[in-house]
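In: Please work out how this folds:
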Amino acid sequence: MNRLKKHLVQIVLGLLLALVFLGHAGRFYQIPLVNVLDAFIYDTRLRLTMPGGVDDRVVILDIDEKSLAEGGRWPWSRDKMAALVDRLFDQYGVAVLGFDVVFAEPDESSGLRSLEGLARKELKDDAGYQNVLKGLRSSLDFDRRFAESMAKRPVVLGYYFTNLSGALTSGQLPAPTLPAGTFSNRHLALTTWNGYGANLPEYQRNAASAGHFVPLVDFDGISRRVPMLVEYQGAYYESLSLAMVRLLLGMPAVTPGYANEGSSAGSGYAGLEWFDLKTERGTLRVPVDEAAATLIPYRGRQGSFQYLSIADALHGRLPVDALKGKIVLVGTTTPGLMDLRATPVATTYPGVEIHANLIAGMLNGSIKLKPAYVLGAEVLMVVVTGLLLALLLPLFSPMRASLLSGVVLLLVSALNFSLWNAGLVLPLASTLLLILGLYALSMSWGYFVESRSKRQFTELFGQYVPPELVDEMARDPERYSMEGCNQELTVLFSDVRSFTTISEGLDPKELTQLMNEYLGAMTAVVRSNRGTLDKYIGDAIMAFWGAPVSDPEHARHAVQAALDMQRELRKLDEPFKARGWPLLHIGVGINTGTMTVGDMGSPVRKAYTVMGDAVNLASRLEGITKQYGVGIVVGEATRLQLKDVVVFRELDRVRVKGKDEPVGIYEPLGFVGEVGKEAQEALKLWHQALRLYRAQDWDQADVQLYNLSRMEPDCYLYQLYATRIAHCRQHSPGADWDGVTTFETK
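Out: All right, here's what the predicted structure looks like:
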């Protein structure tokens, strides 16, 4: 819960972003970028999954350049078209013939109209002329010949609807496929037109059927759908492809199919999802969307159906098997005849092949379904992914956030693609953009907001705390503060012995180099042991453990740092000798206790530091290291925390300046397991000597010290206590002596 509160602003922004895409998915408004991406994804999926190959059930008779060169400009005379229809059915035996062209005007190429004008005027009294004209009329009436060639044959004419201003109409429409009022109780989004361009009434009366052939053009100019039914003056008219399939199947009725068939028609919910064509052999189902439009099931690029020259068919130059029993479409690929469309598979694609794809798709049952409920599915996908990522991404590290976003992206895409393969088209762009948007928000927030606070945090603590601890703190900076508080910590002071003498023997440049190398080496030791560098005080170093990063082993790490500092200092001996510099010796004082830690100072200058009696004692302990001839002195509290892990030599009980209570002081010899057997034996003898000393058994204490001095002749500690015993023999401390050494100076 605390983590959610911490990232509340980012979570709210993520939910608002999800709400934006939810509005698009719910159709409250449209985001153009989402529509563009959805169209791109649809086209890509389509191209990747097209079956390819050539479907030989549908043949296109192409009004190609060869045909125009041979037969003249289009439109051809109707006697040629009549001859074509006769040959296609009588010689080739085609199953169904459809025209992706309009025959909107009478054919006057025979001259019949001019001859009849003469018969009505100049030659109306010439009986011979009238008799000859009467005999020629039937052979010269090309429109009648063409109409008669279509009679009682499975011929489907094509026509178009328009919404041009003025509601222009020409020709005769076929009878509507569904009468007005069919969808009166349902709120459909069918395409509605106010004008049309159809065929001559004589042609329409003789043709078996007719269908409109203009596909829908999406916002980007691409044709992806064809309306199976459109509305004109309340009635509903079928497409060319649907009309040809119905004619092939024996003209079954078109039965609308709804997703809510169990409810009443007056429910108001459209739910239109398909049209059923019921025949004796079964039911052919044609999927449609909310606009009664069908997605064009492109088989492949241009040439997925056999193209034959219409001139070769007209003159009988084709083998019978090329057309026998085939569904034949008459159309054009010639650019000058203006029937080229922009499609997902090509920027210029013959409109006639669009109808061929639809016919084949209906017969195959391969048309994709995009029902009304995909709206709810898209909304659900946006809600689920939006909530999931908006709540989780702020809580994750950049690596985990990237992994989660990638996994969700792959899962959503895989689900969408599997539904596509199952025949269901589900919009994907809104969900993809939401995932990418939430991921970008998470990364941007992390970089511009959290990284900024982390950089500030690093700048704040980086000068005190080792980089690895800063990184650890930066993962959750709100856990750390520079405000003052009381904590149990361990503090360390170190100082260079005889620094004044050393500084006087070196020129400023050399002294600077020496101190830089020394302080650099000692600082590295402090940091490697998770210490916080407090400050440099001339040649002295102050550091502490346990803040700002909590460290349950702060005492252990401080003692380890002190031992490492002594070892690291000896590594500097050789390079210092080589430069003619003096060898350095340091004293280290360590103490553990409750102290105040925080950002302290004045408005002019502040520092993250520690204060308190425990800190002062550590400073005093560093000062008395030289009194005992040892490199490290730790206080009683530090020893108590480490008595089972570090081997200590008790040095004394002292009363330092500024404190009335005496404290035990100890020298760490090393960690358990690191101290040799001889050193442990010497330690036992020393502790015996110390007890004898405190018991004022001067003789026995002196004997122990003598034995220890033979083992370690250079040990100043033994010499110190031998001198004290000699003094006590001459000046008895008295029976009430507590064995405490009092220091009057710092």
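In: okay, now L419: neighbour count?
Out: Per other CB atoms under 10 Å, the neighbour tally for L419 reads 17. C-betas here are computed from N, CA, C, even on glycine.
In: Just confirm it contacts L426, I think it does.
Out: Yes - counting by CB atoms under 8 Å, L426 is a contact partner of L419 at 5.3 Å.
In: Now for the two: what residues contact both?
Out: Common neighbours of L419 and L426, counting by CB atoms under 8 Å, 6 or more residues apart in numbering, are absent.
In: Secondary structure class of G589, three-state.
Out: Under DSSP: H, G, I helix; E, B strand; the rest coil, the three-state class of G589 is strand.
In: tell me which residues in stretch 23-33 are buried?
Out: G23, H24, A25, I31 (16 or more other CB atoms under 10 Å).
In: Just the ones of those in helices?
Out: Judged by DSSP state H, these include G23, H24, A25 as members of helices.
In: Tell me the spacing between the second one and T44.
Out: Going from H24 to T44 by CB to CB, to the nearest Å gives 20 Å.
In: List the buried residues in stretch 564-579.
Out: D564, M565, Q566, E568, L569, L572, F576.
In: V101: which of these is nearest?
Out: D564 (95.2 Å; CB to CB).
In: Need the nearest residue in space to that closest one, chain neighbours excluded.
Out: V525 (4.6 Å; CB to CB, 6 or more residues apart in numbering).
In: contacting residues for that neighbour?
Out: V525 neighbours (CB under 8 Å, 6+ apart): A561, D564, M565, E568.
In: so what pLDDT did it get?
Out: Listed pLDDT for V525 reads 96.
In: Tell me which residues of the helix or strand hosting it come out buried.
Out: Assigned by DSSP states H and E, V525 belongs to helix 508-528. Residues of helix 508-528 classed as buried by neighbour count (16+ other CB under 10 Å): L511, L514, M515, E517, Y518, L519, M522, T523, V525, V526, R527.
In: all strands for the stretch 601-746 of the chain, in order.
Out: 606-611, 632-635, 646-655, 663-671, 740-742 (DSSP state E, counting those that start in this stretch).
In: can the ones you listed go into JSON lines with extra columns for mean neighbour count?
Out: Conversion of these to JSON lines gives the following (neighbours: other CB atoms under 10 Å):
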{"stretch": "strand 606-611", "mean neighbour count": "18"}
{"stretch": "strand 632-635", "mean neighbour count": "27"}
{"stretch": "strand 646-655", "mean neighbour count": "20"}
{"stretch": "strand 663-671", "mean neighbour count": "20"}
{"stretch": "strand 740-742", "mean neighbour count": "13"}
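In: Of those, which shows the lowest average pLDDT?
Out: strand 606-611 (a mean of 85).
In: what's it in contact with?
Out: 461, 464, 482, 489, 491, 532, 534-535, 542, 544, 547-548, 595-601.
In: Kindly write the ChimeraX command that selects the buried subset of those.
Out: Applying 16+ other CB under 10 Å to those, the buried members can be selected in ChimeraX as follows:
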select :461,464,482,489,491,532,534,542,544,547,548,595,596,597,598
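In: of the buried residues of stretch 564-579, closest to E622?
Out: Closest to E622, out of all of these and judged by CB to CB, is M565, at 11.9 Å.
In: How much space separates the closest one from Q641?
Out: M565 is 20 Å from Q641, by CB to CB.
In: Now L46. Its backbone dihedrals?
Out: phi -60, psi -50 (degrees, to the nearest 10).
In: In this structure it contacts T343, no?
Out: No - counting by CB under 8 Å, L46 stays clear of T343, with 9.5 Å between them.
In: Between the two, which is the more surrounded one?
Out: Neighbours were counted for L46 and for T343 using other CB under 10 Å; T343 has more, 24 against 20.
In: how many other residues sit next to the closest residue to that one other than its chain neighbours?
Out: Once flanking residues are discounted, T343 sits nearest to Y349: 4.2 Å by CB to CB, 6+ apart. Using other CB under 10 Å, Y349 is surrounded by 23 other residues.
In: In contact with Y349, which residues?
Out: Per CB under 8 Å, 6+ apart, neighbours of Y349: S223, Q302, L340, R341, A342, T343.
In: sorry, back to before: okay, and the common contacts of L46 and T343?
Out: What both L46 and T343 touch, as defined by CB under 8 Å, 6+ apart, is the set Y298.
In: Tell me which of the contacts of V525 fall in helices.
Out: Per DSSP H, these map to helices at A561, D564, M565, E568.
In: so what pLDDT did the second one get?
Out: Same thing as D564. 97.
In: And the first one, by the same measure?
Out: In the prediction, the pLDDT value recorded for A561 is 97.
In: correct me, but it touches L492?
Out: Yes - using CB under 8 Å, A561 is in contact with L492, at 6.5 Å.
In: Which residue of these two possesses the greater neighbour count?
Out: Higher neighbour count among A561 and L492: L492, with 29 against 25, using other CB under 10 Å.
In: Checking the more buried one next. Helix, strand or coil?
Out: Classified using three-state DSSP, L492 is strand.
In: Tell me if I'm right that it and D564 touch.
Out: No - checked against CB under 8 Å, the pair L492 and D564 is beyond contact range at 11.4 Å.
In: and L395, how many neighbours?
Out: Count around L395 with other CB under 10 Å applied: 15.
In: typo on my end, V425
Out: 20.
In: Disregarding residues adjacent in the polypeptide, which is nearest to it?
Out: K370 (4.3 Å).
In: Would you quantify the distance from that neighbour to K659?
Out: 87 Å.
In: Neighbour count: those two, which is higher?
Out: Neighbour comparison, K370 and K659: the larger count goes to K370, with 23 against 14 (by other CB under 10 Å).
In: check contacts around that one.
Out: Contacts of K370 by CB under 8 Å, 6+ apart are P287, D289, L295, L424, V425.
In: Ranking by neighbours, what's the top pick from those?
Out: Busiest of the contacts of K370 [other CB under 10 Å] is P287, holding 23 neighbours.
In: what's the closest non-adjacent residue to it?
Out: Using CB to CB, 6+ apart, the closest residue to P287 is L369 (4.1 Å).
In: okay but the one you found is in contact with G423, surely?
Out: Yes - using CB under 8 Å, L369 is in contact with G423, at 5.5 Å.
In: higher neighbour count, the two?
Out: L369 (18 against 13).
In: Now do the same for that one: its pLDDT.
Out: So, for L369, pLDDT stands at 90.
In: Specify the beta-bridge partners of it.
Out: L424 (DSSP bridges).
In: ok, it - contacts?
Out: E273, W274, P287, G423, L424, V425.
In: Distance check, it against L277.
Out: 16 Å.
In: got the domain boundaries for this structure?
Out: When the chain is parsed with automatic domain parsing, its domains come out as 2-51+372-458, 58-109+148-364, 482-671, 676-746.
In: Output the buried residues of stretch 23-33 as TSV; include the columns pLDDT and distance to R400.
Out: Output for those, formatted as TSV (pLDDT from 0 to 100; distance: CB to CB, whole Å):
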residue	pLDDT	distance to R400
G23	91	30
H24	91	29
A25	89	27
I31	92	29
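In: Tabulate the residues you listed (CSV), appending distance to R281.
Out: Below are those laid out as CSV (distance: CB to CB, whole Å):
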residue, distance to R281
G23, 47
H24, 44
A25, 41
I31, 46
